[in-house]
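> any chance you can model this:
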Amino acid sequence: MGREGRILLGPVITRDLVMERARSWLRPAVDYSRTTLYRNRYGRYRKDSSGYVSMAWALPGHPPHGPGGLNTVGLEIVSTGISRDDLCPGDMLVRAEGTREGRHVVLFAGWVDRTRTEYWGLEQVDGVGTIRRVMGYPYARDGGFYEPRRYVHIKG
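Numbering: from 1, shown residues only. Purely as a prediction, here's the structure:
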């Protein structure tokens, strides 16, 4: 619970549904914003990286848990650490330390090939919006460490 107060979990969700929900922000790409919300058939969520993962994981949006999903610290609370070898589509890589501007989260969509040095990541990027791109592992945006984590209510 920590800094988030009372954390609300969403329903048990399959990896396939997480990825379907995540793709719903790709066409058209949702613009990035820390302050505004985006609504589609999956609810109303903040248009930043943690709002995006909150939406993909079907966490309570706005309301009852506002504004528009959990922040990166909240996402860390509703997930457990996993190893690189355990990463599966729908898991996340998160940098929860530092300032609000330095925190970030990426949704893992799968390895590019058997070497497992690059993966497909889905994320909300300031100035760009929702994107799917190849990322090196471990993701080292701004020199921060990104920890692989799994939502406690994901199955499959």
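> how about the nearest residue to residue 119 once chain neighbours are set aside, what does it touch?
In space, residue 119 comes closest to residue 111 once its chain neighbours are excluded; the distance is 5.2 Å by C-beta to C-beta, 6 or more residues apart in numbering. C-betas here are computed from N, CA, C, even on glycine. Contacts were defined as C-beta atoms under 8 Å, 6 or more residues apart in numbering; by that measure residue 111 touches 87, 118, 119, 120.
> list the helices and strands the helix or strand of the chain with the lowest mean pLDDT packs on?
Lowest on mean pLDDT, DSSP states H and E among the helices and strands of the chain sits helix 72-77, with a mean of 90. Under the contact criterion of 3 or more C-beta pairs under 8 Å, 6 or more residues apart in numbering; DSSP states H and E, helix 72-77 touches helix 49-56, strand 92-95, strand 104-111.
> can you list the buried residues in whichever helix or strand comes after the last one?
By that I understand strand 104-111. Per DSSP states H and E, the first helix or strand lying C-terminal to strand 104-111 is strand 118-125. By 16 or more other C-beta atoms under 10 Å, the buried positions in strand 118-125 come out as 119, 120, 121, 122, 123, 124, 125.
> identify the farthest-apart pair in these.
119 and 124 (17.0 Å; C-beta to C-beta).
> residue 58 touches residue 11, doesn't it?
Yes: using C-beta atoms under 8 Å as the test, residue 58 is close enough to residue 11 to be in contact (6.0 Å).
> so between those two, which is more surrounded?
residue 58 (20 against 10; other C-beta atoms under 10 Å).
> now for that one: which residues touch it?
The neighbours of residue 58, taking C-beta under 8 Å, 6+ apart as the test, are 10, 11, 13, 17, 18, 21, 42.
> which SSE is it in?
Residue 58 is part of no helix or strand, with elements assigned from DSSP H and E.
> can you give me the distance of it to residue 125?
22 Å (C-beta to C-beta, to the nearest Å).
> counting neighbours, what do you get for residue 38?
There are 23 residues near residue 38, going by other C-beta under 10 Å.
> give me the beta-bridge partners of it?
residue 45 (DSSP bridges).
> could you check how far it is from residue 108?
22 Å.
> what do you get for residue 87?
5 Å.
> more neighbours: these two, which one.
Ranked by neighbour count (other C-beta under 10 Å), residue 87 and residue 108 place residue 108 first, with 23 against 20.
> out of the helices and strands packed on helix 72-77, which is closest to residue 28?
Residue 28 lies closest to helix 49-56 among these, at 14.4 Å (C-beta to C-beta).
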